[in-house]
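[1] attaching a predicted model along with its sequence, questions to come.
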Amino acid sequence: MSRSDQEFMAETPDLLHYDLGDEVVAFSSRRNGGVSEGNYAAFNVNGYCGDNTLHVSANRKLLCDYLHIEPSCLVLPHQTHGTRVKLIDEAIMGLSSLQRAAILEGVDALITAEHGICIGVSTADCIPVLLYDPVHKVVAAVHAGWRGTVGRIVVETLSEMYRAFQTSASDVRAIIGPGISGESFEVGNEVYETFVSAGFPMDRLAVRRTSIRNMAEQSWYIDLWEANRMQLESRGVLSENIHLSGICTYQHSDEFFSARRLGIHSGRIFNGIMLKK
């Protein structure tokens, strides 16, 4: 049986907050503080992973109440592990929910300069990157799975911030949130070779050791945290302005969703960022 509306409203989202400055709210959601059940328990706001739609709606309302915004001010794309970046402006916010959903299809990074609009990306082992330009008052949320990392979606997002707002990378403050660590991200040879072909320095990003899945075999392990940190620095983000959460979702799946632990039919971490009104 589903819980009553009264029980739904009794929950409070359990968020990992980041300090990027007084003008901005930035966070990653933990699994607690929501109403979803099973592998979606308990706080999941992603409507594309098979969760009960009533639970997703209730969790979104809980988050919006916590942030003091209307549900329409919560913006989530339908990610497809690509490198498309979308600017969320006043025109898009004025569209109907169906029109907005169509525009956000196949988008893996969002940028906005609108105040009181919480943009965010969903992850469950992939790497979330949150960006803030305090000079031009612009924020971005990036979903960097291994495909997005290979495609350098973080670099593309910074480039789009420059094109739209003249953001200087040296001003940007960055968060690399909870995601699978290099110690746990075991990949096949084809993924390793994809990184090699894309020009990544694998001597810094990869190690070969005993497979987690088969102790009789050797596998490659790739550090996506470092791959994205290096991309940020390559674009001019200062090392002291890059904060790494250091939380491995695979190792801490009791606290954060991990698709490798729970399967794809499970909840997602919401990594959000918002300019305060």
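    The structure has been received and is ready for your questions. Numbering: from 1, shown residues only.

[2] separation between the nearest residue to S184 once chain neighbours are set aside and F256?
    Distance criterion CB to CB, 6 or more residues apart in numbering; nearest residue to S184, sequence neighbours excluded, is Y250 at 4.0 Å. In short, each C-beta sits where N, CA and C put it, glycine included. According to CB to CB, to the nearest Å, Y250 stands 9 Å off from F256.

[3] more neighbours, those two?
    F256 (27 against 20; other CB atoms under 10 Å).

[4] let me know the pLDDT of that one.
    F256 carries a pLDDT value of 98.

[5] from what I can see it touches T249, true?
    Yes. F256 is within contact range of T249, at 4.6 Å (criterion: CB atoms under 8 Å).

[6] overlap in contacts of the two?
    A124, P178, I269 (CB atoms under 8 Å, 6 or more residues apart in numbering).

[7] so of these, which ones are in strands?
    I269 (DSSP state E).

[8] which one (most neighbours) among the shared contacts of F256 and T249?
    Highest count within these by other CB under 10 Å belongs to I269, 32 neighbours.

[9] for that residue, give me its contacts.
    S28, S29, R30, S122, T123, A124, P128, G177, P178, T249, F256, F257.

[10] same check, this time on F270
    F270 sits in contact with S28, S29, V45, N46, L63, L76, G120, V121, S122, where contact means CB under 8 Å, 6+ apart.

[11] from the contact counts, what lies against the helix or strand where the fifth one lies?
    Here L63 is covered by helix 53-67, with elements defined by DSSP states H and E. Contacting helix 53-67 under the criterion 3 or more CB pairs under 8 Å, 6 or more residues apart in numbering; DSSP states H and E are the following elements: helix 5-9, strand 74-75, strand 118-123, strand 269-275.

[12] show residues contacting that helix.
    2, 5, 8-9, 11-13, 15, 25, 29, 33-37, 40, 43-47, 70-71, 73-74, 118, 270, 272, 274.

[13] and those residues, which are buried?
    Buried subset of the contacts of helix 53-67 (neighbour count, 16 or more other CB atoms under 10 Å): 8, 11, 13, 15, 25, 29, 33-36, 40, 43-47, 73-74, 118, 270, 272, 274.

[14] no further questions, thank you.
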